[in-house]
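Participant: Below are the sequence and a predicted model for it; my questions follow.
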Amino acid sequence: MKIRILGTAAGGGLPQWNCGCAGCATARRTGTARSQDCLAISADGTAWYLVNASPDLRSQLLAAPELAPPPGTRATPLRGVLLTSGELDHILGLVTLREAAELTVHATAPVRAALHEAFPVGPLLAPYTKARWHTVAPGEAVELAGGLRAEAFALGGKRPRYAADLPALPSRHPAPAGDRTDWVVGYRFTDATGRARAVYAPGVAEWTPALDRAVADADLVILDGTFATDDELAERTGGARGSRGMGHLAVADSLPRLAGRPGPRYLYTHLNNTNPLAHRGSPEAAALAPALAAAGAAVAEDGMLVEL
């Protein structure tokens, strides 16, 4: 199994275009930018799937040699996209893929509804490419090309803002939109042999039993690292909400869970611009390094290739 980490920043990237905080200023000065969270995965090195489609997708695809078309062709090794949520930083890149000959998108029922009703990416893509939409149900495995298997697990009911008023899902998406726990999901991936196991969960509001089961015996776990501490945003920007209120379990709160579950290689992704872990070499990141190392964890980097 091959995994190319295309981007590691939370929504807006690093630096954010409209932010002059110390972290963004440092990123501008040093050129240590991070693009928005996105992943590419393949079981056989030939058929590749995106997990999420970030607004930075074009530059991310160009930087990944595995995802280039063969010389003289317009073919692509991309076979589809799996969405972990309907958040804008996870779906805007779908429009970039409109030039594909065909496209398969896997998403949960509420996210599918949101992308056909509240923010109609589905209808927008239809005139450009042959798009096929598949509903993902937590706990049900999806067999993908190249011997890759994906199983979603529910992580939370946080809707994207644009879908806040989405009513009960229409008949072609037979499920109520309210009070669901599959607006946000993670994925557990296995190859055909069952010997390579990876988990991707860039949005984690709470450490749930479903996440516990997914992490069990995994080789690699790529996990929500949006904020270093629960009160980080309040301290650095004066905001009122903590990380949990924004649907993200802080690194300081997930690290004890990792320490109690040794074995997998843990990588943190989806780093907010306020997170000191997003800034390599910062004093705050250096201070957190021992705790990360003790838990078998590290910070993911843009362009990182992991082979299992």
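Facilitator: The structure has been received and is ready for your questions.
Participant: Let me see the ranges of the strands in the protein.
Facilitator: Taking DSSP state E, the strands of the chain run over residues 2-7, 38-42, 48-51, 78-82, 102-108, 130-136, 141-144, 148-156, 184-190, 197-201, 220-224, 265-269, 297-299, 305-307.
Participant: First-to-last residue distance for stretch 31-44?
Facilitator: Using Cα to Cα, to the nearest Å, one end of stretch 31-44 lies 34 Å from the other.
Participant: Could you pull up the mean pLDDT of it?
Facilitator: Averaged across stretch 31-44, pLDDT comes to 96.
Participant: Enumerate the positions of it that are buried.
Facilitator: 32, 34-43 (16 or more other Cβ atoms under 10 Å). For glycine as for every other residue, the C-beta is placed from the backbone atoms N, C-alpha and C.
Participant: Also stretch 218-234?
Facilitator: Quick answer for stretch 218-234 (16+ other Cβ under 10 Å): 218-230, 232-233.
Participant: So of those residues, which two are at opposite extremes in space?
Facilitator: The largest separation in the buried residues of stretch 218-234, counting by Cβ to Cβ, is between Asp219 and Leu233 at 32.4 Å.
Participant: Now do the contacts for the closest residue in space to Glu140 that isn't next to it in sequence.
Facilitator: Among residues not flanking Glu140 along the chain, Glu151 sits closest, at 7.1 Å (Cβ to Cβ, 6 or more residues apart in numbering). Glu151 sits next to 139-142, 187-188, 190, 214 when contact means Cβ atoms under 8 Å, 6 or more residues apart in numbering.
Participant: which one of those sits closest to Glu102?
Facilitator: Of the contacts of Glu151, the one sitting nearest to Glu102 (Cβ to Cβ) turns out to be Val142, at 17.2 Å.
Participant: Who does the closest residue to that closest one other than its chain neighbours form a beta bridge with?
Facilitator: Nearest residue to Val142, sequence neighbours excluded (Cβ to Cβ, 6+ apart): Ala150, at 4.8 Å. For Ala150, the beta-bridge partners are Val142, Phe189 (DSSP bridges).
Participant: first to last residue in stretch 124-143, what's the distance?
Facilitator: Taking Cα to Cα, stretch 124-143 runs 27 Å from one end to the other.
Participant: Pull out the buried positions in that stretch.
Facilitator: 125, 131, 133, 135-136, 142.
Participant: which residues of the stretch 101-250 of the chain score low on pLDDT?
Facilitator: 168-179, 234-245 (pLDDT under 70).
Participant: where exactly do the helices run in it?
Facilitator: 109-114, 121-125, 209-215, 232-237 (DSSP state H, counting those that start in this stretch).
Participant: now, of those helices, which is deepest in the fold?
Facilitator: Most buried of the helices of the stretch 101-250 of the chain by mean neighbour count (mean count of other Cβ atoms under 10 Å) is helix 109-114; its value is a mean of 25.
Participant: list the helices and strands that helix packs on?
Facilitator: Applying 3 or more Cβ pairs under 8 Å, 6 or more residues apart in numbering; DSSP states H and E, we find helix 109-114 packed against strand 130-136.
Participant: which secondary structure elements does the strand it packs on contact?
Facilitator: By 3+ Cβ pairs under 8 Å, 6+ apart, strand 130-136 packs against strand 102-108, helix 109-114, helix 121-125.
Participant: can we see that at 10 Å?
Facilitator: strand 78-82, strand 102-108, helix 109-114, helix 121-125, strand 141-144, strand 148-156 (3 or more Cβ pairs under 10 Å, 6 or more residues apart in numbering; DSSP states H and E).
Participant: what separates the fourth one from the chain centre, distance-wise?
Facilitator: When distances are taken as Cα atoms, centre = their mean, to the nearest Å, helix 121-125 is centred 21 Å away from the chain's centroid.
Participant: So what touches that helix?
Facilitator: 53, 86, 91-92, 94-95, 97-98, 100, 103, 105, 107, 112-117, 131, 133 (Cβ atoms under 10 Å, 6 or more residues apart in numbering).
Participant: Quick one: buried ones out of these?
Facilitator: Among those, those classed as buried by 16+ other Cβ under 10 Å are 53, 86, 91-92, 94, 97, 100, 103, 105, 107, 112-117, 131, 133.
Participant: Now do the contacts for Pro70.
Facilitator: 76-77.
Participant: Val299 is in contact with Leu292, correct?
Facilitator: Yes - counting by Cβ atoms under 10 Å, Leu292 does reach Val299; the two are 7.5 Å apart.
Participant: Touching both of those two, which residues are there?
Facilitator: Joint contacts of Leu292 and Val299 (Cβ under 10 Å, 6+ apart) are 225, 251, 268, 277, 285.
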